[in-house]
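1. Okay, structure incoming, though there's no sequence with it:
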C-alpha cells in the first residue's frame, strides 16, 4: 500500500471493492486501487480531512475537513 502524507483519519471502500478513498492530516484526499495500492488520483483540500465516503453509485466522494467545509468530488 502507498504511504500517505499525514495521519490517515478516514477510509472507505467503493461498493465494488475496487477502490479505496483516504483522507489525511496533510489536507489530502487520495483514491487507491484496492488490489495494488497504486494511487489513482489525489486532491488537496483546505484543511485536514476528517471524513470521506463514496456515493451509493461510486461516482462521487464526499469529504469533511477542518476548514469546516463539506466537499463533493468526482470519483473518476
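-> Nice, thanks for sending it over. Bear in mind the structure is a predicted one, so any value in this text is a computation, not a measurement. Numbers count the residues shown, from 1 in each chain.
2. helix or strand for residue 23, which one?
-> Secondary-structure assignment from DSSP states H and E places residue 23 in strand 19-24.
3. Sheet partners, orientation included, of that strand?
-> strand 8-13 (antiparallel), strand 28-33 (antiparallel) (DSSP bridges).
4. Give me the contacts around that strand.
-> If you take Cβ atoms under 8 Å, 6 or more residues apart in numbering as the criterion, strand 19-24 is touched by 4-14, 29-34, 40, 48-54, 58, 61, 63, 65, 75. Any C-beta I mention is one placed from the backbone N, CA and C, and that applies to glycine too.
5. repeat for stretch 42-56
-> Stretch 42-56 is contacted by residues 6, 9-15, 19, 21-31, 60-69, 71, 73, 75 when judged by Cβ under 8 Å, 6+ apart.
6. so how far is that stretch off the chain centroid?
-> Centre-to-centre, stretch 42-56 and its host chain are 5 Å apart (Cα atoms, centre = their mean, to the nearest Å).
7. State the mean pLDDT of it.
-> Stretch 42-56 carries an average pLDDT of 96.
8. and if you look at stretch 14-28?
-> Stretch 14-28 comes out with an average pLDDT of 96.
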